[in-house]
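> Next one to model:
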Amino acid sequence: MPRRSPKIPALTKAEARRLWLRAQRLDTLAPFGGGPEATPAAVAHLGYVQIDTINVIERCHHHILWSRIPDYRREHLRQAQSVEKSVFEYWTHALAYVPSTDLRFFLPEMKRYREKPPGWFSTVTRKDLAKVMRLVRRDGALSIRDIEDDVLVEKDHAWASRKPSRRALQLAFFTGALTVSDRVGMLKTYELPQRHFGWEKAPRPATEKQVLDYLLDRALRSQGLVSLDSICHLDAPRKPAIRELIEARMRRRRLVPVTVEGAGKQQHWAEPAALADVPEPLPDTVHILSPFDPLIIQRKRLKLFFGYEHLFEAYVPKEKRVLGYFALPVLVGDEIVAALDLKTDRAGKALRIQQWNWVGAGEAARHKPAIEEALHRFERFQLEA
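Numbers count the residues shown, from 1 in each chain. Modelled structure (predicted):
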């Protein structure tokens, strides 16, 4: 008799999002404990923590960590980056903090930047690059403010600098010639990697096969349930190779296919151990999330699992905004029930609610008291020195 194909596990949307929330460590208030050591532990588990410039409230890298570490302090991240050197900055799908133990997986990308820099860096001359490298080698770590003898040029982009050395420093960063050794707000200090990390011998670059394994393992750890889109977020060229890797792991029974309610033809996979213990409905724990949180940033996945379509409207004209300039999704238990447009009034020492939007099953009578209590905690975090 022909062998029957094993039955593919089927998950409801509620079950799928609970698996994702558990993997994101948003199913409890303090999954990484407290103290300075919680910060590198959180970055190591998530795989990356995105960095962004917008600061109408606390910047997203601090916000993402606070969402999982209730007693998080900004100096904990600086300690991890500049003292312990347990995290470093590089590009994932965006600029992010990454565990330093993962640095070798980014060395091949640095090599690609050296061999073929993107067009953004076409204005960087060999002289510009040699200048910043000479200054760092001679004088030690420096920021763009330490370079005072540049001949200023006209900006070619709204976010560009009139100092040619700024883009030269950025190129040196992307090629791995320099690393960010310290950050104060958005001001970065650059240093030679071998001096910053104290290497006697530089790490060996990962092979492409090792990079693929890393990307799949990172997604499985932080997402619980994965698809090609979720593994290769903004990295579509790697999808065919990732699919081959998934199929190889399926043959070894390390991964199993899963159907998710409403996903249609989109395929998902999980490790058998993750499916052996699908979480029960979560308590009504409240998390006020950054729009750059790893739970929120993949918009299509968010809509499939939560039935919520987040709108990032910071660059949308005011009269066309729906949720507000910088709306923050509010997670209560395993549902997103509100989106709050908040702004920190630092001079007035208060958190201002610009707009309160109920979404999904959110309702004032049921959810507002718990959200208001969470807002008080969030305000204290915003106003800490």
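> okay, CA-based contacts and neighbour counts for the rest of this
OK.
> Name the nearest residue to residue 327, ignoring sequence neighbours.
For residue 327, ignoring the flanking residues on the chain, the nearest one in space by C-alpha to C-alpha, 6 or more residues apart in numbering is residue 341 at 4.0 Å.
> Could you work out the end-to-end span of stretch 140-153 for me?
Counting by C-alpha to C-alpha, to the nearest Å, you get 26 Å between the two ends of stretch 140-153.
> If you count neighbours, what's buried in it?
Buried residues in stretch 140-153, counted by 16 or more other C-alpha atoms under 10 Å: 141, 142, 143, 144.
> which regions of the stretch 1-150 of the chain lie under the pLDDT threshold?
For the stretch 1-150 of the chain, applying pLDDT under 70 flags the ranges 1-6.
> which outside residues touch the helix or strand encompassing the residue nearest to residue 327?
Assessed by DSSP states H and E, residue 341 sits inside strand 335-345. Contacting residues not belonging to strand 335-345 are listed as 56-58, 306, 308, 323-331, 350-363, 367, 379, 382-383 [C-alpha atoms under 8 Å, 6 or more residues apart in numbering].
> Show residues contacting the next helix or strand after it.
Moving toward the C-terminus from strand 335-345, the next helix or strand (DSSP H and E) is strand 350-358. Strand 350-358 is contacted from outside by 323-324, 337-345, 379, 382-383, using C-alpha under 8 Å, 6+ apart.
> which one of these is nearest residue 23?
Proximity of the contacts of strand 350-358 to residue 23 (C-alpha to C-alpha) peaks at residue 337, which lies at 20.4 Å.
> hmm, back to that, any chance of a markdown table for the buried residues of stretch 140-153, columns distance to residue 87?
What follows is those, written out as a markdown table (distance: C-alpha to C-alpha, whole Å):
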| residue | distance to residue 87 |
| --- | --- |
| 141 | 17 |
| 142 | 19 |
| 143 | 19 |
| 144 | 22 |
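> Tell me the one among those residues nearest to residue 10.
residue 143 (52.5 Å).
> Please tell me how far stretch 323-333 is from the chain's geometric centre.
In terms of C-alpha atoms, centre = their mean, to the nearest Å, the centre of stretch 323-333 is found 17 Å from the chain centre.
> gap between the two ends of that stretch?
The first-to-last residue distance of stretch 323-333 comes to 21 Å (C-alpha to C-alpha).
> Please indicate which of the contacts of strand 350-358 are buried?
Members of those classed as buried by 16+ other C-alpha under 10 Å are 323-324, 337-344, 379, 382-383.
> ok, back up a step: distance of the residue nearest to residue 327 relative to residue 179?
In this view, residue 341 and residue 179 are 35 Å apart by C-alpha to C-alpha.
> Including secondary structure, could the buried residues of stretch 140-153 go into JSON lines?
As requested, the buried residues of stretch 140-153 are exported to JSON lines (DSSP: H, G, I helix; E, B strand; the rest coil):
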{"residue": "141", "secondary structure": "coil"}
{"residue": "142", "secondary structure": "strand"}
{"residue": "143", "secondary structure": "coil"}
{"residue": "144", "secondary structure": "helix"}
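> which one among those gets closest to residue 104?
Of the buried residues of stretch 140-153, the one sitting nearest to residue 104 (C-alpha to C-alpha) turns out to be residue 141, at 22.2 Å.
> so who does that closest one touch?
181, 189, 190, 191, 192.
> taking those residues one by one, which sit in strands?
181, 189, 190, 191 (DSSP state E).
> Excluding sequence neighbours, find me the nearest residue to the last one.
For residue 191, ignoring the flanking residues on the chain, the nearest one in space by C-alpha to C-alpha, 6+ apart is residue 141 at 4.5 Å.
> which parts of stretch 359-376 are buried?
Buried-residue list, stretch 359-376, by 16+ other C-alpha under 10 Å: 359, 362, 367, 371, 374, 375.
> any idea how far the fifth one lies from residue 367?
Residue 374 sits at a distance of 11 Å from residue 367 (criterion: C-alpha to C-alpha).
> same deal with the first one?
When distance is defined by C-alpha to C-alpha, residue 359 is 11 Å away from residue 367.
> how much space between the residue nearest to residue 379 when sequence neighbours are not counted and residue 291?
Take residue 379 and drop its neighbours on the chain: the residue closest to it by C-alpha to C-alpha, 6+ apart is residue 351, 5.5 Å away. Distance of residue 351 to residue 291, given as C-alpha to C-alpha: 17 Å.
> which residues sit against the one helix or strand residue 137 maps to?
Per DSSP H and E, residue 137 falls inside helix 126-139. By C-alpha under 8 Å, 6+ apart, the residues outside helix 126-139 that reach it are 142, 164, 165, 168, 169, 171, 172, 190, 191, 192.
> For residue 96, name its beta-bridge partners.
When assigned by DSSP bridges, residue 96 has beta-bridge partners residue 50, residue 90.
> That one reaches residue 47, doesn't it?
No. Between residue 96 and residue 47 no contact is recorded; they are 9.5 Å apart, counting by C-alpha atoms under 8 Å.
> Could I get the full set of strands for the stretch 101-250 of the chain?
Here the stretch 101-250 of the chain has its strands, by DSSP state E, counting those that start in this stretch, at 179-184, 187-191.
> Which of the ones you listed sits closest to residue 279?
strand 179-184 (38.4 Å).
> quick one: the closest one to strand 187-191, angle?
150 degrees (axes from the mean of the first three to the mean of the last three C-alpha atoms, to 10 degrees).
> Strand 179-184 pairs with which strands, and in what direction?
Sheet pairing here is set by DSSP bridges, and for strand 179-184 it gives strand 187-191 (antiparallel).
> May I see the buried residues of the partner strand?
188, 189, 190, 191.
> could those go into TSV alongside pLDDT and distance to residue 12?
Formatted as TSV, the buried residues of strand 187-191 follow (pLDDT from 0 to 100; distance: C-alpha to C-alpha, whole Å):
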residue	pLDDT	distance to residue 12
188	98	45
189	98	47
190	98	48
191	98	49
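> of the residues you listed, closest to residue 101?
Distances from residue 101 to the buried residues of strand 187-191, taken by C-alpha to C-alpha, are shortest for residue 191, at 18.4 Å.
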